[in-house]
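Novice: What follows is a predicted protein model with its sequence.
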Amino acid sequence: MNQQHLLGMTLTELQEAVTELGLPKYAARQIADWVYVKRVRSIDEMTNISVRNRDILKKKFDVGRVEPVDIKTSVDGTQKMLFPVKNGKFIESVNIPEDERLTICVSSQVGCKMNCSFCMTGRMGFLGSLSANEILNQVYSVPNAESITNLVFMGMGEPLNNYDNVMKAIELLTADYGLAWSPKRITLSTIGVIPNIRRFLAESKCHLAISLHSPVSSQRETLMPIEKTFKAADIIELLREHDWSHQRRLSFEYIMFDGLNDSLLYARELSRLLAGLDCRVNLIRFHKIPDSDLSPSTEETMVRFRDFLTAKGFTCTIRASRGEDIYAACGMLSTAKI
Ligand SMILES: C[S@@+](CC[C@H](N)C(=O)[O-])C[C@H]1O[C@@H](n2cnc3c(N)ncnc32)[C@H](O)[C@@H]1O
Ligand code: SF4
């Protein structure tokens with residue numbers, strides 16, 4: 001029997017479902033409370049719903065929680081989880097503990113069609129988009145799920161190529177009947193799908209990170225084929241039109257490749273491109289992937305690049321690499337066995 005999953009349904013969808021089953025309308029809020037707030041794994045645990053109504057519910061629905069089938073722990077405490085999803089596929093999520101924070105890095109797709117030359121997930125090709133249930137299950141079923149403080153859409157896939165399901169997951173994380181998180185706990189990272197950036201800015205209040213990686217269009221195109229369709233210059237023009245007050249954060253991700261985009265000429269070009277924008281720049285160490293000519297910049301080069309941008313008035317940080325020993329670092333997720 002193909003049960004539908006309650007985890008991943010909005011309150012409106014739950015209301016429609018209970019009405020269709022002939023249950024009282026208030027049951028929708030009760031179910032949301034059990035699934036999202038009390039975090040139950042089975043309908044039988046919903047004890048304020050009558051046994052008869054639970055049986056009716058069970059004919060069509062289950063909670064839809066799936067446990068990870070593998071968990072790897074890095075020497076630095078980072079954990080990588082392998083989750084089964086539909087059609088026999090797998091995805092990975094990463095838990096990153098840091099001081100008082102526990103950040104979860106979630107996947108939005110199985111593989112990715114964007115084919116960035118430096119990314120392991122891109123190498124897999126596109127194998128499917130995750131449902132809201134599969135996105136949210138990562139948040140609920142990782143170890144220490146109740147201690148998660150922040151969420152980043154920086155796992156496998158391009159979240160703005162799975163817009164509706166990602167936005168539904170965000171609704172459930174932030175709604176009063178869901179986890180009631182502040183949207184400021186969520187950051188979506190994108191390669192820059194312009195029409196959906198526009199929608200995301202209008203329809204959410206979450207932070208936004210743009211994967212830039214080069215200020216020079218011809219070079220960005222060799223690293224990220226998307227530049228042919230959505231140019232960095234056009235993304236930035238769109239971002240300039242947005243009102244970034246209200247503590248919404250805009251950041252740019254910049255992977256530093258040895259001898260490619262890491263000289264001060266690039267730093268100067270980058271500072272010109274972003275001039276006047278209220279944003280942060282995160283410099284990312286390149287995590288080497290197999291069969292790639294690209295190499296990471298030296299620490300010294302990264303520090304020089306950072307100091308140049310800082311002197312130009314940007315908030316610029318070198319992002320610490322986490323979980324590299326278990327292939328859990330940025331861009332290393334591929335579900336390959338290690
Ligand atoms: C895997 S992507 C997922 C989100 C979205 N698709 C994007 O590109 O922004 C998350 C971040 O990892 C970066 N990344 C990809 N491959 C990497 C690698 N080999 N080393 C370091 N960062 C990498 C991406 O550029 C991006 O900033
Ligand atoms: S970096 Fe992001 S957009 Fe590019 S292939 Fe990897 S997951 Fe896809």
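Specialist: Okay, I see it. Ligands and ions are numbered 1, 2, ... in the order given.
Novice: Give the burial count for residue 234, as a bare number.
Specialist: Counted with other C-beta atoms under 10 Å, residues neighbouring residue 234 total 12. The C-beta positions use only the backbone N, C-alpha and C, and glycine is treated the same way.
Novice: Might one say that it is in contact with residue 194?
Specialist: Yes - contact criterion C-beta atoms under 8 Å: residue 234 and residue 194 qualify, at 6.3 Å.
Novice: who are the neighbours in contact with the nearest residue to residue 203 once chain neighbours are set aside?
Specialist: Counting by C-beta to C-beta, 6 or more residues apart in numbering, residue 203 lies nearest to residue 167, which is 6.5 Å off, once chain neighbours are set aside. With contact taken as C-beta atoms under 8 Å, 6 or more residues apart in numbering, residue 167 is in contact with 200, 203-204.
Novice: same thing with residue 216?
Specialist: Taking C-beta under 8 Å, 6+ apart as the contact definition, residue 216 lies against 261, 266, 269.
Novice: Give me the phi and psi angles of it.
Specialist: phi -110, psi 120 (degrees, to the nearest 10).
Novice: roughly how far apart are the closest residue to residue 329 other than its chain neighbours and ligand 1?
Specialist: Computed as C-beta to C-beta, 6+ apart, the closest residue to residue 329 that is not its neighbour in sequence is residue 287, at 4.6 Å. Remark: distance between residue 287 and ligand 1 (C-beta to the nearest ligand atom, to the nearest Å) = 4 Å.
Novice: what's the next secondary structure element after the helix or strand encompassing residue 240?
Specialist: In this assignment (DSSP states H and E), residue 240 forms part of helix 232-241. Under the assignment DSSP H and E, the closest C-terminal helix or strand after helix 232-241 is strand 250-256.
Novice: which helices and strands does that following strand pack with?
Specialist: Contacts defined by 3 or more C-beta pairs under 8 Å, 6 or more residues apart in numbering; DSSP states H and E place strand 250-256 against strand 207-211, strand 280-285, helix 299-311.
Novice: Report whether the first one contacts ligand 1.
Specialist: Yes - contact of strand 207-211 with ligand 1 (C-beta under 6 Å from any ligand atom) involves residue 211.
Novice: what does that strand contact?
Specialist: Looking at what lies outside strand 207-211 - C-beta under 8 Å, 6+ apart - the contacts are 116, 152, 154, 184, 186-192, 197, 200-201, 224, 235, 239, 248-253, 282.
Novice: out of everything not next to it in sequence, what's closest to residue 284?
Specialist: Spatial nearest neighbour of residue 284, chain neighbours left out: residue 255 (4.6 Å); criterion: C-beta to C-beta, 6+ apart.
Novice: got it, and residue 77?
Specialist: Residue nearest to residue 77 in three dimensions, not counting chain neighbours: residue 97, with 4.9 Å by C-beta to C-beta, 6+ apart.
Novice: host element of that neighbour?
Specialist: Assigned by DSSP H and E, residue 97 belongs to strand 90-98.
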